[in-house]
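Peer 1: Got a sequence here, can you build the structure:
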Amino acid sequence: MSALHALLDLPETAALSLTAVRLDDWGRTLILHGSASAVEGGRAFTLRFDDCRDMRWRTYVAFEGGDSSATSIVDFALGRDQHRSPAQILASAFGLTLYYGSLTVL
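Peer 2: Purely as a prediction, here's the structure:
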């Protein structure tokens, strides 16, 4: 998961989780809200994928969300923008493969 840690300028030891997923513009924009572990100050981040063309979701029925709506990020591959190669996100509740035009980190 070093690609996401490098992108967010966080140490490899930081645990990352997603707190919300939002689709805008009829599915062309995917916004992922997340946070780093409390050890790292609980820093929040947002990943905004624009000009999305192909999203493939896999949900895991064995996932038990419990009281928290956050899901841990297990693995992250950035891919390449302009639809050249997909980003791949693996979380404890789902997996996502996504072709995108651009990525903005907030």
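Peer 1: Pretty sure His83 sits in a helix.
Peer 2: No. Read with DSSP: H, G, I helix; E, B strand; the rest coil, His83 is coil and lies in no helix.
Peer 1: Is it in contact with Gly101, as I believe?
Peer 2: Yes. Counting by Cβ atoms under 8 Å, His83 does reach Gly101; the two are 6.5 Å apart. All C-beta spots, glycine's among them, are computed from the backbone N, C-alpha and C.
Peer 1: shared neighbours of the two, which are they?
Peer 2: Asp51, Arg53 (Cβ atoms under 8 Å, 6 or more residues apart in numbering).
Peer 1: what about Leu32, how many neighbours?
Peer 2: 19 (other Cβ atoms under 10 Å).
Peer 1: before we move on, what about Ala20?
Peer 2: 11.
Peer 1: wait, isn't Ala44 in contact with Leu32?
Peer 2: No. With contact defined as Cβ under 8 Å, Ala44 does not count as touching Leu32 (11.4 Å).
Peer 1: Select the helix or strand of this protein having the lowest average pLDDT value.
Peer 2: Ranked by mean pLDDT, DSSP states H and E, the weakest helix or strand in the chain is helix 2-8, scoring a mean of 86.
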